[in-house]
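How does the following fold in three dimensions:
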Amino acid sequence: MDRVFDFHARLTARPGALERLLAVMDECHIERAAVSAGGVVDLDRLSRQIVYGGYVEADADNDVVLAGCKESGGRLLPFYFGNPHREPDDYRDRAADFRGLEISPAVHGVPLTDPRTTALVEIAADHGHPVYVVPLGRAGVGISDLTVLAGKFPQVTFVLGHCGFVGIDTYAITCVAPKENIVVETSGAFTLAVRVALERLGPDRVLFGTEHPLQHPSVELAKLRSLELTEESSQKVAWRNAYRLLGEDT
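Numbering: from 1, shown residues only. So this is what the prediction gives:
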């Protein structure tokens, strides 16, 4: 892999978070990354909500993300972490400063076809933003709901985070295969799941991601190398697909 673009990293408001992210990118030879806010909810509560349900109404710190990206000299591209519990005005007013939208049922718990969610996606559509989503294993926020949402917005590219709800969610990959406007991101997924995604979706619909700082990028890079892809497929997954999706190839 000559060039690597991390499509999914996080940046928190903790002191030194930006410096640590850039340092680990240098260590792992990652040129650029798309970043969303982290630390919206503590991990114990988040994991409980993923399994048992529940939600918070807290806002992500999108200002920290935007400021960090500006300080990075163009290496980091900001995603807006949407909160369906709020009116979408803030995203609408600032959408031009961001490059994509993240919606998190695990954090905010709002169904993917809820009008509050679609209001955010409508803004993403107006600005050409991809939408990053990790569905859960429950009605309203599951993979079938994501496919319904994607069907309503064929002009929007949806990114299925982690290749699905769990690390071996080949069912989710099968569900999104007919939806050409859904691609998958690899962080946290088993190597088998990534291989299945490549086989069923093709290398043009797979994006490399790390979920830094929850996962060290070296682990995700080792996973990608273990697939022994052709040079062309490797560069699509590691760089070109993200570059194209975010409009950087123009």
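
Show me what the helix of greatest length in the chain is packed up against.
The longest helix of the chain (DSSP state H) is helix 115-127. Helices and strands touching helix 115-127, by 3 or more CB pairs under 8 Å, 6 or more residues apart in numbering; DSSP states H and E, are helix 89-94, strand 100-103, helix 143-152. C-beta here means a position set from N, CA and C on the backbone, and glycine is covered the same way.

Look up the closest residue to L214, ignoring the ones flanking it.
Closest residue to L214 apart from its sequence neighbours, by CB to CB, 6 or more residues apart in numbering: R10 at 7.4 Å.

my guess is the one you found is in a helix, correct?
No. R10 is assigned strand when assessed by DSSP: H, G, I helix; E, B strand; the rest coil, not a helix.

Would you enumerate the residues in contact with it?
Residues in contact with R10, defined by CB atoms under 8 Å, 6 or more residues apart in numbering, are V35, S36, A37, G38, G39, E211, H212, P213, L214.

what pairs with it across the strands?
S36 (DSSP bridges).

Quick check: it vs H85, distance?
As judged by CB to CB, to the nearest Å, R10 and H85 stand 20 Å apart.

before we move on, the earlier item: list only those of the contacts of R10 flagged as buried.
V35, S36, A37, G38, G39, E211, H212, P213 (16 or more other CB atoms under 10 Å).

quick one: contacts for the second one?
Residues counted as contacts of S36 (CB under 8 Å, 6+ apart) are H8, A9, R10, L11, A60, V65, P78, F79, Y80, F81, E102, Y132.

Over to the last one?
By CB under 8 Å, 6+ apart, P213 lies in contact with A9, R10, T12, A17, R20, L21, V24, G38.

Geometric centre of this protein: which residue is closest?
Nearest to the geometric centre of the chain sits Y132, at 4.1 Å (CA atoms, centre = their mean).

For the helix or strand harbouring S218, name the packing helices and strands.
Per DSSP states H and E: S218 is located in helix 217-226. Judged by 3+ CB pairs under 8 Å, 6+ apart, helix 217-226 is in contact with helix 17-27, helix 191-201.

roughly how far is that helix from the heart of the chain?
Distance of helix 217-226 from the chain centroid (CA atoms, centre = their mean, to the nearest Å) equals 17 Å.

Buried residues of whichever helix or strand comes after it, list them for me.
Where DSSP H and E defines the elements, the next helix or strand beyond helix 217-226 is helix 231-235. For helix 231-235, a neighbour-count test (16+ other CB under 10 Å) marks S233, S234, Q235 as buried.

okay, those residues in JSON lines with pLDDT and distance to D249 next?
Conversion of those to JSON lines gives the following (pLDDT from 0 to 100; distance: CB to CB, whole Å):
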{"residue": "S233", "pLDDT": "97", "distance to D249": "17"}
{"residue": "S234", "pLDDT": "97", "distance to D249": "17"}
{"residue": "Q235", "pLDDT": "97", "distance to D249": "13"}
